[in-house]
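The following comprises the amino acid sequence and a computationally predicted model.
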Amino acid sequence: MNRKKLQKLTDNLTKNCKHFNRSEVTCLIKLFYNLVGDVAERPVAVVGLDRNAFRNILHVTFGMTDDMIMDRVFRTFDKDNDGCINVSEWVNGLTVFLRGSLDEKTKYCFEVFDLNGDGFISKEEMFHMLKNSLLKQPSEEDPDEGIKDLVEITLKKMDYDHDGKLSFADYEKAVREETLLLEAFGPCLPDPKSQMEFESQVFKDPTDFSDM
C-alpha cells in the first residue's frame, strides 16, 4: 500500500474511531497488513484475517484459551459476517476491545455471550460457556451438577425480570451494579497486562514502520 492510500484509509477510519488517534489508527492499519501478509500471493480477492489467523492473535497476544469464546469474539468483530475480518472491522473492533467505555464493553460482551444471536443469554448458553471456562476438577460428584447450580446462582443474581433467561436489560443492570459480572461467562476482553503490552508494542511512532 502506498503512502497516499494509507493516508486516505487512515483518514476514513479515524473519523469513526472514538478511542484511537490518527497515529494509533495508522499503526493498527500497518499491523493489520503485516498480519495479513503479502496480498499479491493470495488467490482470493478478500483481504483480511480469517478465523484461524484471528484466533491465533487472541491466543498468543491476549492469552485467550477458550475455543467457544474466541469463536464468538471473531464473530463479534466480523460485522458483515463474511468469515473474514477486514481492516475497518479490525480497527473498529479493537477500539471497543482495548479502550471501550463500560457501555460499549457491556454491549460487546453481551453479543459474545448470546451464542445464537436471539437477544437473550439462555440457561443452556450459560451452561455451555461455564462448562467450557471452568477448570475441570477431579471429584466424586458429577461436574455438570455443579455447573447447573452455578447457572441457577447466576440467574438469581442477574435475572431481574425472572423469566429464566438474561435479556440485555438484565445483563446491563447487573454489570452496572457489579462490574466484575461483565465477563461472568468467560474472559472475552484482554487483561490489563496484555492490553498494555500490545499497545506499547504497536503504538510506536508510525514513521518507524517501513513503507508498505
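Looks like it came in fine. Numbers count the residues shown, from 1 in each chain.

Quick check: the gap between the one residue sitting closest to the centre of the chain and Lys156.
Among the residues of the chain, the smallest C-alpha distance to the mean C-alpha position (Cα atoms, centre = their mean) belongs to Val73, namely 4.0 Å. Going from Val73 to Lys156 by Cβ to Cβ, to the nearest Å gives 28 Å. Yep, even glycine has a C-beta here, placed from its N, CA and C like the rest.

same check, this time on Asp66
Counting by Cβ to Cβ, the gap between Asp66 and Lys156 amounts to 24 Å.

More neighbours: which of those two?
Asp66 (18 against 9; other Cβ atoms under 10 Å).

Against Lys15, how distant is that one?
From Asp66 to Lys15 the distance is 34 Å (Cβ to Cβ).

What segments of the chain are helices?
For the chain, the helices defined by DSSP state H cover 3-15, 22-36, 51-62, 67-77, 87-99, 102-113, 123-133, 143-158, 168-177, 192-202.

for the fourth one, packing partners?
Helix 67-77 sits against helix 51-62, helix 87-99, helix 102-113, helix 123-133, with contacts defined as 3 or more Cβ pairs under 8 Å, 6 or more residues apart in numbering; DSSP states H and E.

Gln201 is nearest to which of those helices?
Judged by Cβ to Cβ, the one of the helices and strands packed on helix 67-77 that comes nearest to Gln201 is helix 51-62, at 9.0 Å.

Would you mind getting the angle between that closest one and helix 22-36?
Taking axes from the mean of the first three to the mean of the last three Cα atoms, to 10 degrees, one finds that helix 51-62 is oriented at 120 degrees with respect to helix 22-36.
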